[in-house]
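Q: Below: sequence and its predicted model.
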Amino acid sequence: MIAVIYGTRPEIIKLSPIIRMAVAQKRELVTIHTGQHFSQNMNDVFFENLELPSPDYELNVGSKSHAEMVAEALVGIERILLKHKPSIVLVQGDTNSALAGALTAAKLGIKVGHIEAGLRSFDRRMPEELNRVLIDHMSDLLFAPTQTSYNYLLTEGISKDKIKIVGNTIADALKYGLKKSSKITLPPYISPKQYFLATLHRQENVDDPKTLKQMISNFQRIVKDTSTTLVLPLHPRTKQLLNKHAIDTTGLSLIEPQDYFNFLALLNNARMVFTDSGGIQEEACILGIPCITLRDNTERPETVELGSNFLVGSDLNRMVSAISYFEKHHGGWKQPYGEGDTAERIISSL
């Protein structure tokens, strides 16, 4: 039996090709949803859109402190794993849900498979970086997306016998998603390649009111200077903090969180994307959309090396320079994340 543990929007998207393939092959499967994300638009709708079975278990841990979230997930996951006794637990990425799943399984002597292993930002201030390092060193099978991530794992002393370079399931998910999103009509106030798209959710960008205000101010300045619409789907936590600190968002096109296919339509038709998301750096690279990352480091260095992604942090001048560069140099890179057969590679190795 395979146990698959997830709790956030990106995990659901990236695990969807693996779950669909396991179901198609009639593999014995149990799925556990920790409920780490709490907005219905950011969770439940994905199961229907991605043609996934509803989770077998929902823990509803919600949005709490890191300690509370992981602790509640540990208790719930342990109970389920003891009941079903799977041969392997699959976790994806660097979330608290993935950490709780890997830690519970490792302590019970159950094999752990880490999908998207070996990513490193080398910034231990990021909770995601701590999570991914811990998960990698607890895992028995490490599914690295690229040669770079494979090399990082070897450098940390992990046996090469445990590591497989398989590509990234985001390529599989995009192949599936583009077919669905091609029929979606954009909102009437934007036209293809005539707007910027932005996302903002990481704690280093939104928790400090000064930094959050600076980010919003940068967006407003870019809109003013380029006369270009900027569409910003608001993460629930970001929306809450904008309201809490009464930060003015005049001039920005704020919308609710989007389901996967609507967001994919927005991304695929954007002129450029500004984001602090790791997954969107990958998606933009695959789709040929210039990406400007609102961080000073990234665990996706391949995108920077290819020229599809610029790191700008909260510095307006760097943002402007990146926009100027992409206006003159658009596309032409070869994405490193595979051709959409990663799920097949992973499932066949179990």
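A: Perfect, I can see it now. None of these values were measured; they are calculated from a predicted model.
Q: and the residue lying closest to L234 once chain neighbours are set aside, how many residues sit next to it?
A: Nearest non-adjacent residue to L234, counting by C-beta to C-beta, 6 or more residues apart in numbering: L254, 5.6 Å away. (Each C-beta comes from the backbone N, C-alpha and C, glycine too.) By the criterion of other C-beta atoms under 10 Å, L254 has 14 neighbours.
Q: Please verify my assumption that L254 contacts T238.
A: No: in this structure L254 lies outside contact range of T238 using C-beta atoms under 8 Å: 9.8 Å.
Q: where in the stretch 201-350 of the chain is pLDDT low?
A: Within the stretch 201-350 of the chain, not a single segment meets pLDDT under 70.
Q: just the helices in it please.
A: 203-206, 209-226, 236-244, 260-268, 278-287, 301-306, 316-328, 342-348 (DSSP state H, counting those that start in this stretch).
Q: Highest mean neighbour count out of those?
A: helix 278-287 (a mean of 24; mean count of other C-beta atoms under 10 Å).
Q: what comes into contact with that one?
A: Residues outside helix 278-287 that contact it (C-beta atoms under 8 Å, 6 or more residues apart in numbering): 10, 13-14, 119, 128, 168, 170-171, 174, 199, 264, 267-268, 273, 275, 289-291, 293, 298-300, 302-303, 306, 308-309, 333, 335-337.
Q: can we see that at 7 Å?
A: 10, 168, 170-171, 174, 199, 267-268, 273, 275, 291, 293, 298-300, 303, 306, 308-309, 333, 335, 337 (C-beta atoms under 7 Å, 6 or more residues apart in numbering).
Q: among these, which ones are buried?
A: If you count burial by 16 or more other C-beta atoms under 10 Å, the buried members of these come out as 10, 168, 170-171, 174, 199, 267-268, 273, 275, 291, 293, 298-300, 303, 308-309, 333, 335, 337.
Q: tell me the domain boundaries of this protein?
A: The chain breaks down by automatic domain parsing into domains covering 2-165, 184-328.
Q: Report the distance from the first one to the chain centre.
A: Spelled out, it's domain 2-165. Put simply, domain 2-165 sits 12 Å off its chain's centre (C-alpha atoms, centre = their mean, to the nearest Å).
Q: ok, back up a step: could you tell me which of the buried ones among the contacts of helix 278-287 are located in strands?
A: With strands taken from DSSP state E, the overlap with those comprises 273, 275, 291, 293, 309.
Q: closest to V61 among these?
A: The nearest member of those to V61, counting by C-beta to C-beta, is T275 at 25.6 Å.
Q: What lies in contact with stretch 323-343?
A: So stretch 323-343 is contacted by 17-18, 21, 145-146, 166-172, 175, 272, 282, 285-286, 288, 290, 302, 306-308, 310 (C-beta under 7 Å, 6+ apart).
Q: ok, now stretch 186-194?
A: Outside stretch 186-194, the residues within contact range by C-beta under 7 Å, 6+ apart are 229, 231, 253, 265, 269, 271.
Q: Skipping adjacent residues, who's closest to the first one in space?
A: Leaving out its chain neighbours, the residue that sits closest to T229 by C-beta to C-beta, 6+ apart is Y195, at 4.3 Å.
Q: okay, now that neighbour: neighbour count?
A: 21.
Q: what do you get for the one 3 residues further on?
A: The local packing count at A198 equals 25, with neighbours defined by other C-beta under 10 Å.
Q: same check, this time on P188
A: By other C-beta under 10 Å, neighbour count at P188 equals 6.
Q: Give me the distance between it and F196.
A: Distance of P188 to F196, given as C-beta to C-beta, to the nearest Å: 17 Å.
Q: which other residues reach the helix or strand where I5 lies?
A: In this assignment (DSSP states H and E), I5 forms part of strand 2-6. Here strand 2-6 makes contact (C-beta under 7 Å, 6+ apart) with 12, 15, 19, 22, 27-34, 77, 81, 84, 86, 88-92, 97-98, 101, 350.
Q: So how do I select the buried members of these in PyMOL?
A: Buried residues among these (16+ other C-beta under 10 Å), as a PyMOL selection:
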select buried, resi 12+15+19+22+29+30+31+32+33+34+77+81+84+86+88+89+90+91+92+97+98+101
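Q: Surely E11 and T95 touch.
A: Yes: contact criterion C-beta atoms under 7 Å: E11 and T95 qualify, at 6.2 Å.
Q: As PDB, could you dump the C-alpha coordinates of stretch 22-41?
A: C-alpha atoms of stretch 22-41 as PDB (Å, rounded to 0.1, in the frame of the first residue of the first chain):
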ATOM      1  CA  ALA A  22      -1.800   5.100  -9.000                       C
ATOM      2  CA  VAL A  23      -5.600   4.900  -9.300                       C
ATOM      3  CA  ALA A  24      -5.400   4.000 -13.000                       C
ATOM      4  CA  GLN A  25      -2.900   1.200 -12.200                       C
ATOM      5  CA  LYS A  26      -5.200   0.000  -9.400                       C
ATOM      6  CA  ARG A  27      -2.400   0.400  -6.800                       C
ATOM      7  CA  GLU A  28      -3.600   0.100  -3.200                       C
ATOM      8  CA  LEU A  29      -3.700   3.700  -2.000                       C
ATOM      9  CA  VAL A  30      -4.600   5.800   1.100                       C
ATOM     10  CA  THR A  31      -4.600   9.600   0.900                       C
ATOM     11  CA  ILE A  32      -4.300  11.900   4.000                       C
ATOM     12  CA  HIS A  33      -5.200  15.600   3.800                       C
ATOM     13  CA  THR A  34      -3.800  17.500   6.700                       C
ATOM     14  CA  GLY A  35      -5.900  20.600   5.900                       C
ATOM     15  CA  GLN A  36      -2.900  22.900   6.200                       C
ATOM     16  CA  HIS A  37      -4.600  25.300   3.800                       C
ATOM     17  CA  PHE A  38      -8.000  26.500   4.900                       C
ATOM     18  CA  SER A  39      -9.600  28.300   2.000                       C
ATOM     19  CA  GLN A  40     -12.100  26.200   0.000                       C
ATOM     20  CA  ASN A  41     -10.900  27.800  -3.200                       C
END
